[in-house]
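[1] with the sequence up front, the predicted model follows.
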Amino acid sequence: MHLLSASCVCALLITVLLRQVSGLQTVIGEYGETLEIPCNNGAMKAEDVLLAKWKYDKGEGPPGDLLVKTGNNAATISATDEYKNRISMAANFSLLLSSATLTDQHTFTCMVVAGADITEHPVNVVIYKKPESLEISETAKELEIGKLTELGTCVAKDANPAANITWLKNNVALVADGKGISIEASVQEDPVTGLSTTSSILKYSAEKEDTDAQFTCSTQPTVGTELVSSPTTFTITYSTENIVLQVTAQDPLVEGDNVTLKCVADGNPPPTSFNFHLKGEMVRVENADTYTITNVSRETTGEYKCSLVDNPTLEATEDVTVNYLDINLSPSGNIVKSAGDDMELNLQIDASGDYKVSWTKDNVKLEKQPKFAKLIYADAGRYECEVTMGLLSQKALFDLTVEGAPIIKQLSKMASKDANHKVLMCEVEGSPKPAVSWSINGTSLEESPFINGKIRHKITFRPAVNLTVSCMVSNEFGADSKSIHVASVNVEVEMDKQDDNDQTKLVVGVVVGLIVATLVIGLAYWVYMKKSKQGSWKTGEKENGSSEEEKKLEEKVEENSQKAEV
């Protein structure tokens, strides 16, 4: 490695094609940070470089020397101005410049001597700085619909180059249109630092939809990320354009309830006084928007209105309906009638709407309203009608009792399973429940439940002789009785046995008679045949006629034989 003196350098500058200037390169640095300015894009090889020198263009006069490095020696700082304590050289011959400021925006040149070649590599330096802050100030207290109002000022402080500010509403950029949106921007430069502060004023004509809208401003610096201000909202003022009357009440609204009327207006600030029109009567309320009607009745039903005090023509209307359902059932309560009487039901209904009627008897649904002509005991029971209208319902009921003297509908007898007893059954109708008695004593007395005025009474006994048995019934309205003849159990058994013997004898006699008749016919047939054959032998006649007669006799015998079997 050779060390070059200053005179050698001068000689080389004269004798060699001195300058091979490459294209101008630009390096961007951040304000206040250390800036690295590359020499020939960092493509220099240390073993090839005899000398590397940095200088900068002052604008006027000769360039300013910064530092020089020869061979393996350390770089020597030659600067005597502001760069004296801020510069150094990297191993790849790049210039390191600390605490970058706007005054560092020069053209810096790296001169390199490698072998017999001398080259220069100029680099243009630009210093960028993002704004220190971005905020909206001088905001309006409120925005009036349709009026162009200065909404606020967005300020981006100390930037280079000057910040370009964008206004946004709900994250959507606003563009000046000369009518509802106006944006005015201005830039001020600090004479000491050279940094710029941008101010942007937004004038905006608000709409009703801008209530609760968020306004922000943003800037996109050349270096670094986007800056966005804190959002701000505004009170939007506008006159009332629409009014609504709201009715708050229990559903369904029935007599005795309360109903509240509320007047809702869309103005901002909202109106504080209203007029309520109550079926011909007007009531004014101050510092409130509601009016309550207590203990309503069916007469409360009708049309209601509310309006603005300062603009009576702006009003809202709503209907109020008080539901009612009244029923009257006649007769009702506990009803006592005699069997055979007529009874007419009268159900009167007074309702504010359509209704449905249903009936039950003893909790069993009926298809329609009952009718009572010639009352019978089965008509007795609890009747209930229910009238429903939407969620409203009313009930009425009556308990019907049908009374009358008892009547024995049937008195019957039957044999018991063991054939040694008699069973008598007495079926009775009457109300109240009749008392049943028998003219004899018996066992196994059974009584059915008393339902619909009917009862069955059963008695089991063993009659020793033929007798007449009576069933007697009575209640407070009268009495009845019936009798039935009952033979003794022994007599009936003997008669049954005698009947069985007679029938047996009759069957035996018939069978014996048929057998005797068959034998007689058979014997006659045999005699006849014998005589017929003898005659033919004597005369030699054909036996055709005898054959037909034989066939008839055979059929007759077969017929008698079948009768005998029967």
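    Structure received.

[2] please, which helix or strand holds residue 490?
    Per DSSP states H and E, residue 490 falls inside helix 489-539.

[3] now for the longest strand seen in the chain, which elements pack on it?
    Looking across the chain with DSSP state E, the single longest strand is strand 392-415. Applying 3 or more C-beta pairs under 8 Å, 6 or more residues apart in numbering; DSSP states H and E, one finds that strand 392-415 contacts strand 325-330, strand 333-338, strand 381-389, strand 422-431, strand 467-475, strand 478-486. Every C-beta, even on glycine, is put in place using the N, C-alpha and C of the backbone.

[4] most neighbours per residue, which of those?
    strand 422-431 (a mean of 22; mean count of other C-beta atoms under 10 Å).

[5] what's residue 48 sitting at in phi/psi?
    phi -90, psi -20 (degrees, to the nearest 10).

[6] surely it meets residue 117?
    No: look at residue 48 against residue 117 with C-beta atoms under 8 Å: they stay out of range, at 9.3 Å.

[7] where does residue 247 fall, secondary structure wise?
    strand 243-249.

[8] partner strands of that strand, parallel or antiparallel?
    Sheet pairing for strand 243-249, assigned by DSSP bridges, gives strand 259-265 (antiparallel).

[9] what comes up buried for the strand it pairs with?
    For strand 259-265, a neighbour-count test (16 or more other C-beta atoms under 10 Å) marks 259, 261-263, 265 as buried.

[10] enumerate every residue touching residue 427.
    408-412, 454-456 (C-beta atoms under 8 Å, 6 or more residues apart in numbering).

[11] re earlier: turn the helices and strands packed on strand 392-415 into a markdown table, columns for distance to residue 54 and mean pLDDT.
    Formatted as a markdown table, the helices and strands packed on strand 392-415 follow (distance: least, C-beta to C-beta, whole Å; pLDDT from 0 to 100):
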| stretch | distance to residue 54 | mean pLDDT |
| --- | --- | --- |
| strand 325-330 | 104 | 94 |
| strand 333-338 | 122 | 93 |
| strand 381-389 | 102 | 95 |
| strand 422-431 | 133 | 93 |
| strand 467-475 | 139 | 94 |
| strand 478-486 | 144 | 94 |
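
[12] out of those strands, nearest to residue 91?
    With C-beta to C-beta, the closest approach to residue 91 among the helices and strands packed on strand 392-415 belongs to strand 381-389: 99.4 Å.

[13] what residues does the closest one touch?
    Strand 381-389 has contacts (C-beta under 8 Å, 6+ apart) with 323, 325, 327, 329, 347, 349, 351-363, 369-370, 393-400.

[14] cool, and stretch 230-238?
    With C-beta under 8 Å, 6+ apart as the test, stretch 230-238 has contacts from 135-136, 139-145, 151-152, 206-208, 210-216, 267-269.

[15] only the buried subset of those, as a ChimeraX command please.
    To isolate the buried ones among the contacts of stretch 230-238 in ChimeraX, judged by 16+ other C-beta under 10 Å, type:
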select :135,136,140,143,144,145,151,152,206,210,211,213,215,216,267,268
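
[16] which residue sits closest to residue 457, ignoring its sequence neighbours?
    Of all residues not flanking residue 457 in the chain, residue 436 sits nearest, at 4.1 Å (C-beta to C-beta, 6 or more residues apart in numbering).

[17] next up, the contacts around residue 256.
    Contacts of residue 256 (C-beta under 8 Å, 6+ apart): 295-297.

[18] out of those residues, flag the one nearest to residue 194.
    residue 296 (79.7 Å).

[19] hang on, the earlier thing: narrow the contacts of residue 256 to just the buried residues.
    For the contacts of residue 256, buried by 16+ other C-beta under 10 Å: residue 296.

[20] just the closest of the contacts of residue 256 to residue 421, please.
    Of the contacts of residue 256, the one sitting nearest to residue 421 (C-beta to C-beta) turns out to be residue 297, at 74.7 Å.

[21] check whether the residue positioned nearest the centre of the chain sits in a helix, strand or coil.
    Nearest to the mean C-alpha position of the chain, counting by C-alpha atoms, centre = their mean, stands residue 251 at 21.1 Å. With DSSP: H, G, I helix; E, B strand; the rest coil as the basis, residue 251 sits in coil.

[22] most neighbours, which of the contacts of residue 427?
    When the contacts of residue 427 are compared by neighbour count (other C-beta atoms under 10 Å), residue 455 ends up highest, at 21 neighbours.

[23] that one: which element?
    Using DSSP H and E, residue 455 sits in strand 454-461.

[24] report the rounded mean pLDDT for that strand.
    Averaged across strand 454-461, the pLDDT comes to 92.

[25] give me the residues contacting it.
    With contact meaning C-beta under 8 Å, 6+ apart, strand 454-461 is reached by 377-378, 416, 421-429, 433-434, 436, 438, 440-449, 471.

[26] quick one: the residue nearest to the centre of the chain and residue 390 touch, right?
    No: applying C-beta under 8 Å as the test, residue 251 and residue 390 come out as separate, 9.1 Å apart.

[27] what sits opposite the spatially closest residue to residue 57 that is not a sequence neighbour in the beta ladder?
    Leaving aside its sequence neighbours, residue 57 sits nearest to residue 107 (C-beta to C-beta, 6+ apart; 4.4 Å). Beta bridges link residue 107 to residue 124, judged by DSSP bridges.

[28] next one: residue 217
    Going by DSSP bridges, residue 217 forms beta bridges with residue 167.

[29] out of the contacts of residue 427, which is nearest to residue 198?
    Nearest to residue 198, judged by C-beta to C-beta, of those is residue 454 at 108.1 Å.

[30] beta partners of that closest one?
    Applying DSSP bridges, one finds that residue 454 bridges with residue 429, residue 451.

[31] what comes into contact with the strand holding residue 247?
    257-266, 304-308, 314-318, 320.

[32] where does the stretch 451-566 of the chain have low pLDDT?
    Applying pLDDT under 70 to the stretch 451-566 of the chain picks out residues 491-566.
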